[in-house]
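> got a structure for you, letters missing:
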(Lines give C-alpha, C1' and ligand atoms only; values in the text may rest on other atoms or scores of the structure.)
Protein backbone atom coordinates (compact mmCIF):
# COMPACT_ATOMS: atom_id res chain seq x y z
CA UNK A 1 0.00 0.00 0.00
CA UNK A 2 1.39 3.40 -1.03
CA UNK A 3 1.69 5.87 1.86
CA UNK A 4 0.65 9.43 1.00
CA UNK A 5 3.60 11.65 2.03
CA UNK A 6 3.26 14.59 -0.37
CA UNK A 7 1.13 17.51 0.84
CA UNK A 8 0.16 20.78 -0.78
CA UNK A 9 1.18 24.22 0.47
CA UNK A 10 -2.46 24.81 1.42
CA UNK A 11 -2.47 21.64 3.52
CA UNK A 12 0.78 22.70 5.16
CA UNK A 13 -0.67 26.09 6.12
CA UNK A 14 -3.79 24.43 7.54
CA UNK A 15 -1.71 22.07 9.71
CA UNK A 16 -1.85 23.03 13.37
CA UNK A 17 1.83 23.33 14.31
CA UNK A 18 2.23 24.37 17.93
CA UNK A 19 5.02 26.39 19.50
CA UNK A 20 6.10 27.40 22.99
CA UNK A 21 5.59 31.11 23.54
CA UNK A 22 8.99 32.13 24.87
CA UNK A 23 9.48 35.69 26.06
CA UNK A 24 12.33 37.89 27.30
CA UNK A 25 15.84 36.44 27.32
CA UNK A 26 14.55 33.05 26.21
CA UNK A 27 12.84 34.47 23.13
CA UNK A 28 15.95 36.50 22.28
CA UNK A 29 18.16 33.43 22.61
CA UNK A 30 16.02 30.64 21.12
CA UNK A 31 12.86 32.04 19.51
CA UNK A 32 9.55 30.21 19.93
CA UNK A 33 10.40 26.49 19.62
CA UNK A 34 8.17 23.48 19.03
CA UNK A 35 7.13 21.60 22.18
CA UNK A 36 8.73 18.39 20.92
CA UNK A 37 11.96 17.30 19.26
CA UNK A 38 15.55 17.31 20.48
CA UNK A 39 17.99 19.92 21.76
CA UNK A 40 21.62 19.58 22.78
CA UNK A 41 23.57 21.60 25.35
CA UNK A 42 27.34 21.19 25.54
CA UNK A 43 30.35 22.87 27.08
CA UNK A 44 33.44 22.31 29.17
CA UNK A 45 33.29 21.63 32.90
CA UNK A 46 32.79 24.61 35.19
CA UNK A 47 31.19 26.87 32.60
CA UNK A 48 27.54 26.59 33.69
CA UNK A 49 25.95 23.69 31.76
CA UNK A 50 24.04 22.28 34.73
CA UNK A 51 22.93 25.70 35.96
CA UNK A 52 21.68 26.57 32.48
CA UNK A 53 19.88 23.23 32.07
CA UNK A 54 18.13 23.78 35.42
CA UNK A 55 17.17 27.35 34.51
CA UNK A 56 15.73 26.03 31.26
CA UNK A 57 13.87 23.27 33.13
CA UNK A 58 12.33 25.86 35.44
CA UNK A 59 11.30 28.11 32.57
CA UNK A 60 9.66 25.25 30.67
CA UNK A 61 7.79 24.28 33.85
CA UNK A 62 6.46 27.84 34.21
CA UNK A 63 5.01 27.41 30.70
CA UNK A 64 3.03 24.41 31.91
CA UNK A 65 5.36 21.64 30.78
CA UNK A 66 6.07 18.73 33.10
CA UNK A 67 9.86 18.31 33.25
CA UNK A 68 11.98 15.30 34.25
CA UNK A 69 15.69 15.88 34.92
CA UNK A 70 17.59 12.60 34.67
CA UNK A 71 20.89 13.18 36.49
CA UNK A 72 22.83 10.23 35.13
CA UNK A 73 26.22 11.74 35.84
CA UNK A 74 25.88 13.18 39.36
CA UNK A 75 22.72 11.56 40.66
CA UNK A 76 21.44 12.91 43.95
CA UNK A 77 24.40 14.88 45.27
CA UNK A 78 25.18 17.95 47.36
CA UNK A 79 26.40 19.94 44.35
CA UNK A 80 23.21 19.19 42.40
CA UNK A 81 21.05 20.07 45.38
CA UNK A 82 22.89 23.38 45.72
CA UNK A 83 22.35 24.10 42.02
CA UNK A 84 18.64 23.29 42.33
CA UNK A 85 18.37 25.64 45.32
CA UNK A 86 20.26 28.40 43.49
CA UNK A 87 17.83 28.13 40.57
CA UNK A 88 14.78 28.15 42.89
CA UNK A 89 13.39 24.98 41.37
CA UNK A 90 11.11 24.68 44.41
CA UNK A 91 8.95 27.35 42.77
CA UNK A 92 7.94 24.80 40.10
CA UNK A 93 8.23 21.65 42.21
CA UNK A 94 4.81 20.36 41.11
CA UNK A 95 6.01 20.23 37.49
CA UNK A 96 9.58 19.06 38.09
CA UNK A 97 10.85 15.60 38.96
CA UNK A 98 14.49 14.66 39.59
CA UNK A 99 15.52 11.19 38.43
CA UNK A 100 18.46 9.65 40.29
CA UNK A 101 20.62 8.01 37.59
CA UNK A 102 17.59 6.38 35.95
CA UNK A 103 18.77 4.17 33.05
CA UNK A 104 17.32 5.00 29.65
CA UNK A 105 15.44 1.66 29.54
CA UNK A 106 13.60 2.60 32.75
CA UNK A 107 13.13 6.15 31.51
CA UNK A 108 11.37 4.78 28.42
CA UNK A 109 9.02 2.77 30.63
CA UNK A 110 8.26 5.97 32.53
CA UNK A 111 7.54 7.91 29.35
CA UNK A 112 5.16 5.21 28.09
CA UNK A 113 2.81 5.85 31.02
CA UNK A 114 -0.09 8.29 31.06
CA UNK A 115 0.66 11.80 32.34
CA UNK A 116 4.39 11.23 31.85
CA UNK A 117 6.79 14.19 31.56
CA UNK A 118 6.56 16.42 28.50
CA UNK A 119 10.24 17.35 28.66
CA UNK A 120 13.19 15.11 29.51
CA UNK A 121 16.61 16.56 30.28
CA UNK A 122 19.36 13.91 30.21
CA UNK A 123 22.65 14.81 31.88
CA UNK A 124 24.73 13.63 30.26
CA UNK A 125 24.83 11.83 26.89
CA UNK A 126 28.13 10.18 27.79
CA UNK A 127 26.46 8.31 30.68
CA UNK A 128 23.48 6.96 28.70
CA UNK A 129 25.22 4.17 26.79
CA UNK A 130 23.12 5.18 23.79
CA UNK A 131 24.15 4.65 20.20
CA UNK A 132 22.90 7.12 17.62
CA UNK A 133 20.44 4.47 16.44
CA UNK A 134 19.14 4.15 20.03
CA UNK A 135 18.67 7.93 20.15
CA UNK A 136 16.71 7.91 16.90
CA UNK A 137 14.52 5.11 18.26
CA UNK A 138 13.88 7.10 21.43
CA UNK A 139 12.81 10.14 19.43
CA UNK A 140 10.67 8.08 17.07
CA UNK A 141 8.87 6.26 19.89
CA UNK A 142 8.10 9.44 21.83
CA UNK A 143 7.36 11.98 19.11
CA UNK A 144 5.42 14.33 21.39
CA UNK A 145 8.26 14.68 23.93
CA UNK A 146 11.05 17.23 24.03
CA UNK A 147 14.44 15.68 24.73
CA UNK A 148 17.21 18.00 25.93
CA UNK A 149 20.56 16.26 26.08
CA UNK A 150 23.57 17.64 27.93
CA UNK A 151 27.03 16.73 26.68
CA UNK A 152 30.66 17.05 27.65
CA UNK A 153 32.85 18.90 25.18
CA UNK A 154 36.04 18.20 23.28
CA UNK A 155 37.34 21.66 22.52
CA UNK A 156 34.32 23.51 21.18
CA UNK A 157 32.49 20.39 19.95
CA UNK A 158 30.31 17.82 21.76
CA UNK A 159 32.43 14.94 23.01
CA UNK A 160 32.16 11.67 21.11
CA UNK A 161 30.64 10.48 17.85
CA UNK A 162 27.12 9.99 19.25
CA UNK A 163 26.94 13.49 20.74
CA UNK A 164 28.26 15.04 17.54
CA UNK A 165 25.63 13.18 15.50
CA UNK A 166 22.91 14.35 17.88
CA UNK A 167 24.14 17.90 17.41
CA UNK A 168 23.50 17.69 13.68
CA UNK A 169 19.99 16.33 14.29
CA UNK A 170 18.97 18.71 17.09
CA UNK A 171 16.49 21.53 16.56
CA UNK A 172 18.33 23.76 19.04
CA UNK A 173 22.08 23.58 19.62
CA UNK A 174 23.44 25.43 22.67
CA UNK A 175 27.12 26.00 23.42
CA UNK A 176 27.83 27.05 27.02
CA UNK A 177 31.00 28.97 27.83
CA UNK A 178 31.90 31.40 30.58
CA UNK A 179 28.41 31.20 32.12
CA UNK A 180 26.81 32.32 28.88
CA UNK A 181 24.74 30.20 26.48
CA UNK A 182 24.99 30.66 22.73
CA UNK A 183 22.14 29.05 20.79
CA UNK A 184 21.83 28.12 17.15
CA UNK A 185 18.08 27.59 16.81
CA UNK A 186 15.79 26.68 13.93
CA UNK A 187 13.23 29.03 15.48
CA UNK A 188 15.09 32.33 15.56
CA UNK A 189 16.79 33.94 18.53
CA UNK A 190 20.58 34.07 18.40
CA UNK A 191 21.29 36.47 21.26
CA UNK A 192 23.62 35.27 24.06
CA UNK A 193 21.84 34.17 27.24
CA UNK A 194 23.48 35.20 30.53
CA UNK A 195 23.40 32.24 32.92
CA UNK A 196 25.12 33.77 35.93
CA UNK A 197 26.52 37.31 36.03
CA UNK A 198 28.79 36.73 39.01
CA UNK A 199 30.25 33.53 37.57
CA UNK A 200 30.89 35.20 34.22
CA UNK A 201 32.57 38.14 35.94
CA UNK A 202 34.84 35.85 37.97
CA UNK A 203 35.95 34.01 34.83
CA UNK A 204 36.78 37.22 33.01
CA UNK A 205 38.32 38.96 36.05
CA UNK A 206 40.42 36.34 37.88
CA UNK A 207 41.80 37.38 41.22
CA UNK A 208 45.35 38.74 41.17
CA UNK A 209 47.64 36.87 43.55
CA UNK A 210 49.97 39.17 45.41
CA UNK A 211 53.22 37.30 45.97
CA UNK A 212 55.00 40.18 47.67
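Yep, that arrived. This is a predicted model, so every value here is computed, not measured.

> Going along the chain, name the strands of this structure.
Here the chain has its strands, by DSSP state E, at 37-43, 67-71, 96-100, 119-123, 146-151, 153-154, 157-158, 172-177, 180-185, 193-194.

> Partner strands of the last one and their direction?
Spelled out, that is strand 193-194. strand 180-185 (antiparallel) (DSSP bridges).

> centre of the chain versus the partner strand, how much separation?
Centroid separation between strand 180-185 and its chain, computed with CA atoms, centre = their mean, to the nearest Å, is 11 Å.

> got the angle for that strand vs strand 172-177?
Per axes from the mean of the first three to the mean of the last three CA atoms, to 10 degrees, the angle that strand 180-185 makes with strand 172-177 is 160 degrees.

> So which bits of strand 180-185 are buried?
180-183, 185 (16 or more other CB atoms under 10 Å). C-beta here means a position set from N, CA and C on the backbone, and glycine is covered the same way.

> re the thing from before, nearest to residue 80, out of the strands of the chain?
Nearest to residue 80 among those is strand 67-71; the distance by CB to CB comes to 5.9 Å.

> which residues are contacting the closest one?
Under the contact criterion CB atoms under 8 Å, 6 or more residues apart in numbering, strand 67-71 has outside partners 53-54, 57, 60-61, 77, 80, 92, 95-102, 107, 110, 117-123.

> Emit the PyMOL select command for whichever of those are buried.
Those of the contacts of strand 67-71 that count as buried under 16+ other CB under 10 Å are selected in PyMOL with:
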select buried, resi 53+54+57+60+61+80+92+95+96+98+99+102+107+117+118+119+120+121+122+123
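
> Next up, the contacts around the closest residue to residue 76 other than its chain neighbours.
The shortest distance from residue 76 to any non-neighbouring residue, by CB to CB, 6 or more residues apart in numbering, is to residue 100 (4.8 Å). For residue 100, the contact set (CB under 8 Å, 6+ apart) comprises 71, 75-76.

> What subset of the residues you listed is buried?
Applying 16+ other CB under 10 Å to these flags residue 71 as buried.

> would you turn the contacts of residue 100 into CSV with distance to residue 149 and pLDDT?
Shown next, in CSV, are the contacts of residue 100 (distance: CB to CB, whole Å; pLDDT from 0 to 100):
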residue, distance to residue 149, pLDDT
71, 13, 97
75, 17, 94
76, 20, 92
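
> between the contacts of residue 100, which is closest to residue 153?
Nearest to residue 153 among the contacts of residue 100, with distances taken as CB to CB, is residue 71, at 18.5 Å.

> How much space separates the residue nearest the centre of the chain from residue 90?
In the chain, the centroid-proximal residue (CA atoms, centre = their mean) is residue 148; its distance is 3.1 Å. Distance of residue 148 to residue 90, given as CB to CB, to the nearest Å: 21 Å.

> what's around the nearest residue to residue 165 once chain neighbours are set aside, how many residues?
Once flanking residues are discounted, residue 165 sits nearest to residue 132: 4.5 Å by CB to CB, 6+ apart. Residue neighbour count, defined by other CB atoms under 10 Å, stands at 15 for residue 132.

> Good, we can wrap up now.
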